[in-house]
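Colleague: using only what follows, build the 3D model:
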Amino acid sequence: MKKSPENHSEKSVMIPTQAERDLGGTLFIPADPIGQSILISSATGMLQKFYYAFSRHFASLGYTVLTFDYCGIGSSGGSPDLLKRNPTNLIAWGANDQAGAVRFLKDYDPESPITLVTHSIGGQLCGFNPEHPSIDRIIMAASQNSYWKSFPGWHKTKMWSFWNMIIPFTIPFFGYFPAKHLGLFENLPKGMARQWRRWGKQPEYMMAFKDASYFFEDLKMPILSLSFPADPLAPPKTVDWLARQYASAQMNRIHYTDEGSAPGHFGYFRPAFKNTLWKYTHQWILTDEWN
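Modeller: Numbers count the residues shown, from 1 in each chain. Now for the predicted structure:
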């Protein structure tokens, strides 16, 4: 176990899942717990270590925090050899991976309410998570619909190219989606990338394929959905769309414009926003008040 000067300790954990594929995770254990837990569900292809500064801050406030890598990413089988044999898809990232992380955190700290903090695609995965009754509240940071025509200007062309050229032309050559080779993010399992592509070509995104594995309308907890200026990956209207899919939730939809320096797609999790976004997050979890 790693000791930290920030009033908490950290340890690497393996998270079991129903698909019998363990996930690599990190548990941040507060020295003075306040009886609250946070689970972080990452953006596409983002390693859990990107969220460590955020996690350490909240552990120093007394939260038990769990991060993890989705199947096929980083410590959860992210090597090229394993990726070529990886059978997972995008729905499984919610139904198996995010769900397994919820169970793990609940087993570790059964008395503490869980706040699920999602980034980008993590907020989409909530709708496939059968463990949603164990989640007490959700914060969605820049979680959106990625239909290519929803993006403005040049970004529309880039999204069209991503779905129609880059993903389908590279996977047969590599046996997985080589995002890291393209300077984008971590490499992705081919089944996940192909399903993501199918969604991105439809105006109703994942809802064009709705079946019994979808739980979107069953989520009833408070949800805080945030979008930010200067975020070409999650324009406000795409975040609005995803928020509407959680029709039964207690939705609080905020487009955050208070910063002189726009957070963009990744800023919410950066220490530069410790005294604003992180402070407001802590306040919302404990009081339902933002800002």
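Colleague: Thr17: neighbouring residues, count only.
Modeller: 20 (other C-beta atoms under 10 Å). Quick note: C-beta positions are derived from backbone N, CA and C, even for glycine.
Colleague: how many neighbours does the nearest residue to it once chain neighbours are set aside have?
Modeller: Nearest in space to Thr17, with sequence neighbours left out and distances taken as C-beta to C-beta, 6 or more residues apart in numbering, is Gly100 at 3.6 Å. Other residues near Gly100 number 23, with proximity taken as other C-beta under 10 Å.
Colleague: next: Met165.
Modeller: For Met165, the count of nearby residues is 10 (other C-beta under 10 Å).
Colleague: that older thread, the residue nearest to Thr17 and Met14 touch, don't they?
Modeller: No - at 10.5 Å, Gly100 does not count as touching Met14 under the criterion of C-beta atoms under 8 Å.
Colleague: overlap in contacts of these two?
Modeller: Residues touching both Gly100 and Met14 (C-beta atoms under 8 Å, 6 or more residues apart in numbering) are Leu23.
Colleague: from Pro235, how far out is Ile40?
Modeller: Ile40 sits 23 Å away from Pro235 when distances are taken as C-beta to C-beta, to the nearest Å.
Colleague: same drill for these two, tell me which one is more crowded.
Modeller: Comparing Ile40 with Pro235 by other C-beta under 10 Å, the one with more neighbours is Ile40, at 29 against 18.
Colleague: tell me the spacing between that one and Leu83.
Modeller: Ile40 is 22 Å from Leu83, where distance means C-beta to C-beta.
Colleague: repeat for Leu105
Modeller: Distance of Leu105 to Leu83, computed by C-beta to C-beta: 26 Å.
Colleague: could you do Asn145 as well?
Modeller: In this view, Asn145 and Leu83 are 26 Å apart by C-beta to C-beta.
Colleague: contacting residues around the residue nearest to Thr17?
Modeller: 15-18, 23.
Colleague: Lys201 too?
Modeller: Neighbour list for Lys201: 147-148, 163-164 [criterion: C-beta under 8 Å, 6+ apart].
Colleague: dihedrals phi and psi, it?
Modeller: Main-chain dihedrals, Lys201, degrees, to the nearest 10: phi -90, psi 0.
Colleague: could you do the one 10 residues further on as well?
Modeller: Note on Asp211: backbone dihedrals following degrees, to the nearest 10 are phi -150, psi -160.
Colleague: which residue is nearest the centroid of the chain?
Modeller: What sits nearest the mean C-alpha location of the chain, by C-alpha atoms, centre = their mean, is Gly122, with 2.5 Å.
Colleague: double-check that that residue belongs to a strand.
Modeller: No - read with DSSP: H, G, I helix; E, B strand; the rest coil, Gly122 is helix and lies in no strand.
Colleague: and the gap between it and Asp288?
Modeller: From Gly122 over to Asp288 (counting by C-beta to C-beta), the distance is 21 Å.
Colleague: pLDDT at the closest residue to Asp288 other than its chain neighbours, what is it?
Modeller: Closest residue to Asp288 apart from its sequence neighbours, by C-beta to C-beta, 6+ apart: Pro222 at 6.6 Å. Looking at Pro222, its pLDDT reads 98.
Colleague: from now on call the first residue 5
Modeller: With the count now opening at 5, the last piece we talked about shows up as Pro226.
Colleague: figure out the helix or strand that the closest residue to His12 other than its chain neighbours lives in.
Modeller: Using C-beta to C-beta, 6+ apart and skipping residues adjacent in sequence, the residue nearest His12 is Ala63, 3.7 Å away. Following DSSP states H and E, one finds Ala63 within helix 56-64.
Colleague: for that helix, buried residues please.
Modeller: Buried residues in helix 56-64, counted by 16 or more other C-beta atoms under 10 Å: 56, 58-64.
Colleague: for stretch 143-153, same thing?
Modeller: Residues 143-152 are the ones in stretch 143-153 that count as buried (16+ other C-beta under 10 Å).
Colleague: what do you get for stretch 176-195?
Modeller: Applying 16+ other C-beta under 10 Å to stretch 176-195 flags 179-183, 189-195 as buried.
Colleague: which ones among these lie within strands?
Modeller: Using DSSP state E, no member of these sits in strands.
Colleague: tell me the one of these nearest Ala99?
Modeller: Ranked by distance to Ala99 (C-beta to C-beta), the buried residues of stretch 176-195 are led by Gly195 at 13.4 Å.
Colleague: wait, that closest one touches Thr92, no?
Modeller: Yes - using C-beta under 8 Å, Gly195 is in contact with Thr92, at 6.1 Å.
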